[in-house]
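Asker: next one to model:
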Amino acid sequence: MMDSKRLMAWLTVAALSTTLVAAPNRIPQASNGEPFRSFRMLDAKLTLLAHQQEALNAAFNPVQVGSRSGGANSGRRPTPFSNMNSTAAGIALRAGGLERLYQRRHQPFGVQMFRVLRIRAEEVQQGVSAVAKAQTRSAAESAAKRLDEGIVSLVVQFQAASGGYGAARCSPGEWTCCEPKRSKDLLQSEQVACMWGCVRTAQTCTGFLGPRIRRP
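Answerer: Reported below is the predicted structural model:
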């Protein structure tokens with residue numbers, strides 16, 4: 001597997017940085033909480049996924065894979081497999097809900113953003129399944145490497161959708177809006193990304209809308 005300490009350090013920094021800008025006392029009060037409400041849930045699930053990845057690295061030893069005649073499946077796998085699959089499924093479900101929300105709102109950029117996030121989460125599910133089903137050491141190591149990369153890509157894509165949302169300082173009556181980043185400004189592993197800010201009218205948002213801030 002990818003060095004677990006390096007992966008966990010990266011994921012912990014990523015999760016912590018997201019949590020700091022998304023702290024509840026900094027989120028604008030608004031009439032509709034989406035997607036900010038979902039961002040808080042997704043942030044918690046990604047942090048949990050990082051801890052589950054650490055548990056998997058501790059519990060899963062590729063040397064034990066295929067212990068019978070060097071190829072037979074050894075039977076029951078450690079519970080981190082089912083735990084990670086459940087967490088990734090929850091992330092995919094939440095992202096899919098946001099995807100459908102922006103379909104109803106007729107905001108294609110939002111649909112694209114959360115479709116990518118959903119697909120990344122589903123790829124993590126597939127990665128967990130591939131590691132669990134591996135019957136040789138080399139197959140397990142290869143699948144585990146892809147799983148590590150998939151988790152990092154999922155975290156990066158979440159940050160691409162939520163970047164700076166907790167720091168938005170919109171005035172009453174304004175809309176929060178995630179404006180698309182130019183393709184040349186995308187970071188590695190970002191398929192699509194935006195940055196949260198404020199607009200006076202919904203029509204001026206070229207990305208997708210978040211909550212509108214309540215007037216006093």
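
Asker: helices along the protein, start to end?
Answerer: Here the chain has its helices, by DSSP state H, at 4-21, 36-59, 80-104, 108-133, 137-162.

Asker: dump those into CSV; add distance to Arg214 and mean pLDDT as well.
Answerer: Placement of C-beta: from N, CA and C, glycine included. CSV is the format used below for these (distance: least, C-beta to C-beta, whole Å; pLDDT from 0 to 100):
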stretch, distance to Arg214, mean pLDDT
helix 4-21, 21, 46
helix 36-59, 14, 91
helix 80-104, 20, 96
helix 108-133, 21, 96
helix 137-162, 21, 92
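
Asker: which of those helices sits closest to Leu186?
Answerer: helix 137-162 (7.8 Å; C-beta to C-beta).

Asker: what's the angle between that closest one and helix 36-59?
Answerer: Taking axes from the mean of the first three to the mean of the last three C-alpha atoms, to 10 degrees, helix 137-162 and helix 36-59 form an angle of 160 degrees between their directions.

Asker: got a list of what Leu117 touches?
Answerer: Neighbouring residues of Leu117 by C-beta atoms under 8 Å, 6 or more residues apart in numbering: Ile91, Ala95, Leu98, Leu154, Gln157, Phe158, Ala161.

Asker: farthest pair in those residues?
Answerer: Maximum distance among the contacts of Leu117 (C-beta to C-beta): 14.6 Å, for Leu98 and Leu154.

Asker: so for those two, which residue has more residues nearby?
Answerer: Using other C-beta atoms under 10 Å, the more surrounded residue of Leu98 and Leu154 is Leu154, with 27 against 23.

Asker: Gln107 contacts Gln203, correct?
Answerer: No. With contact defined as C-beta atoms under 8 Å, Gln107 does not count as touching Gln203 (11.7 Å).

Asker: ok, these two, which is more surrounded?
Answerer: Neighbours of Gln107 and Gln203, each counted by other C-beta under 10 Å, are more numerous for Gln107; the result is 18 against 8.

Asker: so what's that one closest to, chain neighbours aside?
Answerer: Closest residue in space to Gln107, ignoring its immediate chain neighbours: Phe208 at 4.4 Å, by C-beta to C-beta, 6 or more residues apart in numbering.

Asker: what about Phe81, how many residues close to it?
Answerer: Neighbour number of Phe81 under other C-beta under 10 Å is 19.

Asker: residues contacting it?
Answerer: For Phe81, the contacting residues are Leu56, Phe60, Val128, Val131, Ala132, by C-beta under 8 Å, 6+ apart.
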